[in-house]
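*Asks:* quick one: sequence and predicted model below, then my questions.
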Amino acid sequence: MPEARVIPLRPDDEQPTPPQAEPSWDEQLAGGLEFLRRRLTGEYDTDEFGFDPDLTDHVLLPGLRPWFHRWFRVETQGLEHVPDVGGALVVANHSGTVPVDALMATVALHDEHPSARRLRLLGADLVFQVPFIGSLARKLGVTLACNEDAERLLSSGEVVGVFPEGFKGVGKPFHERYTLQRFGRGGFVSAALRTGTPIVPCAIVGAEEIYPMIGNARTAARLLGLPYFPITPTFPLLGPLGAVPLPSKWFIAFGEPIETASYGPAAADDPMTVFNLTDQVRETIQHSLYRLLLQRRSVFS
Amino acid sequence: MPPAVVLVTGVSRWLGGALAAELAADPAIDRVIGVDTVPPAPEVLRRLGRTEFVRADIRSPLIGKVIESASVDTVVHMNISATPAGAGGRVSMKELNVIGTMQLLAACQRSPQVRRLVLKSTSAVYGASSRDPAVFTETMQARRVPGGGFAKDSLDIESYVRSFARHRPDVGVAVLRFTNLIGPRIDSLLSGFLRMPVVPTALGYDARVQLLHEDDAVAVLRQAAMGDFVGTVNVGAAGTVLLSQAIRRLGRVALPVPEVAMGSLGRLTRRGALVDWSPEQMRFLNFGRVVDTRVLREEFGYRPRYTTGEALADYARTVPPVVDPQLVAEVTGTARSAVGRVAGGITAVQGLLGDRRRAAPPVPGLRAVRDA
């Protein structure tokens, strides 16, 4: 229900905060020049994971925002479930042939969360093997999906994003859309248990339809050393045009956090606890996927 | 109890010479014996003070006689060559590194006076690959075991030292895994590499680099020789930089080279005696390496005085930049003031044109319905 509008009767009583003015073109240009100077002289900071906040804030995130707002028209739900401070492990479903969902979740948490949390993603080693993509991923704050890195990030109070399905999820055929694949070996649960950080289940709807994978050219994949080589209705048929994702309507829903601190760090070595928690997270995500799918009217609106 | 007689191998290089000079300046130490295959350069020799220099190859049994006759109680082994050219080719480098260490350890094992051994090792033992965790602790091992060169030699040397420690449990053994050293005076791998005006880098990759200032390196080695820390410790400064960032801060020009061409380029520069580097260092340029230094700070008890950024800045004092940061600042500053002038001009013109283009005042959204 929309709330009733409060209209101040005496304008002097309450100074309405002026709307955030868009910086004028000359301010923007001056900011760009200052950015250029910093980049040319190396006067910016990067962390031990290779994360480059300067580049992320001024180039990478602005480049992703039009996709977030205009192309996929992402709607976020349940952002209050991601804590304002301290570590949290965001566990999400993976889909879409190309991991665009990870990038959109990064934008969602940075732009829409009240404390502008940075999502530190965990990526497969293949990501870091590929030139350009690997180094760019590190600059965006991605690091290798291994327990050492996850625990180091979580214990330093970062929000870590993980997609336990991995390539099985992102490269699954279109007819299997919105069915969760196996959740790895539960390494993410043991990382959360060891650091006592909450697990935030996250469901992403819409990413499955951006590149509907109707076939997998296994020979080409083997030649290129990739886990799969997608064939979509437009790729490789239309060449580079086929690389344009379909403009599906997206929802990113963060669920209620599952706390892990009460189990104690020793529980990380108890396989039963780890399996049970893994299943619980998986079920929660699957249910919110079904709920979101029922809510959405059509794929593109 | 401070050591009475210290033997330092590799004393003709900058770091070995600096450590020997530092120890020789300490009156608590009776004798400092420096060993190397080549005599130290005159400027190193001047600083060495009362250090006694023995020109000996640690591959020969002569080293055993020195240890025996001088009743050495502390051995600091740092004569490990990182690049083939310094040792006269890969074969002789491996021989000096591995066989030399074996000879030295054999001599130490024989001598009952030896009660402390310090090994200057390297963080290169962790390798460098796309499967690496971002930060290595002492308990981790290389995800992809280095196949050859300096890292393989260092792995072998560390395993010999561990076996020595098993045979002589009365000897305190400290293994120091150093990150890349840098500073105004030291001649290290990276200091030579970054001194080139155009620095080749791996196209599409950007390594994370953790450095250690030369003064901190000497201080850590001294503390390891004098103290009683036993075990393995990573030695590196706080913070990291990306290789591209380091190149920019030094005002160098990066030359991204495709991975396939890196090998031949390396051979070319090596032959031209420009810089001395090897294929494994190129792998390092792809992925870089960062180590955790909690043990250094909390258990070993040393906090490096320079961070990686500060060490780089101190080194930058000695390398005149090719791309001057002041020039960059001037150019962007001029462009900014030009933008400001243009913007000011446009505002003035708009002011002259009058209020015609000014937007109408916003209409209040809600209004009371007028009484009839």
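*Replies:* Happy to help now that I have it.
*Asks:* in the stretch 101-250 of chain A, which spans are helices?
*Replies:* For the stretch 101-250 of chain A, the helices defined by DSSP state H, counting those that start in this stretch occupy A:125-129, A:133-139, A:147-155, A:167-170, A:187-195, A:218-224.
*Asks:* what's the average pLDDT for the last one?
*Replies:* Throughout helix A:218-224, pLDDT has a mean value of 91.
*Asks:* same deal with the second one?
*Replies:* Per-region confidence: helix A:133-139 scores 94 on mean pLDDT.
*Asks:* quick one: low-confidence parts of the stretch 151-300 of chain B?
*Replies:* Filtered on pLDDT under 70, the stretch 151-300 of chain B yields the residue ranges B:266, B:269-280.
*Asks:* circling back: tell me which of the helices of the stretch 101-250 of chain A sits nearest to A:His113.
*Replies:* Closest of the helices of the stretch 101-250 of chain A to A:His113 is helix A:147-155, at 17.1 Å (criterion: Cβ to Cβ). The way it works is simple: take the backbone N, C-alpha and C, and place the C-beta from them, glycine included.
*Asks:* so is that closest one next to chain B?
*Replies:* Yes. Contact between helix A:147-155 and chain B, assessed by Cβ under 8 Å from any Cβ of the partner chain, occurs at A:Glu148, A:Asp149, A:Arg152.
*Asks:* any chance of those residues in TSV with neighbour count and distance to A:Gly50 as columns?
*Replies:* Converted to TSV, these look like this (neighbours: other Cβ atoms under 10 Å in any protein chain shown; distance: Cβ to Cβ, whole Å):
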residue	neighbour count	distance to A:Gly50
A:Glu148	18	15
A:Asp149	22	11
A:Arg152	22	13
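*Asks:* let's verify the closest residue to B:Val54 other than its chain neighbours: helix, strand, or coil?
*Replies:* Nearest non-adjacent residue to B:Val54, counting by Cβ to Cβ, 6 or more residues apart in numbering or on different chains: B:Val35, 5.0 Å away. State at B:Val35, reduced to three classes by DSSP: H, G, I helix; E, B strand; the rest coil: strand.
*Asks:* buried residues in stretch A:172-179?
*Replies:* Neighbour counts using 16 or more other Cβ atoms under 10 Å in any protein chain shown place A:Lys172, A:Phe174, A:Arg177, A:Tyr178 of stretch A:172-179 among the buried residues.
*Asks:* surely B:Thr101 meets B:Val75?
*Replies:* No. Using Cβ atoms under 8 Å, B:Thr101 makes no contact with B:Val75, being 10.9 Å away.
*Asks:* more neighbours: which of the two?
*Replies:* For the pair B:Thr101 and B:Val75, the greater number of neighbours falls to B:Val75 (29 against 25), based on other Cβ atoms under 10 Å in any protein chain shown.
*Asks:* contact residues of the stretch 1-150 of chain B facing chain A?
*Replies:* Residues of the stretch 1-150 of chain B lying near chain A (Cβ under 8 Å from any Cβ): B:Ser130, B:Arg131, B:Asp132, B:Pro133, B:Ala134, B:Val135, B:Thr137, B:Met140.
*Asks:* compare those residues and tell me which is most surrounded.
*Replies:* B:Asp132 (25 neighbours).
*Asks:* which ones are touching it?
*Replies:* By Cβ atoms under 8 Å, 6 or more residues apart in numbering or on different chains, B:Asp132 lies in contact with A:Leu144, B:Tyr126, B:Arg143, B:Phe287, B:Arg289.
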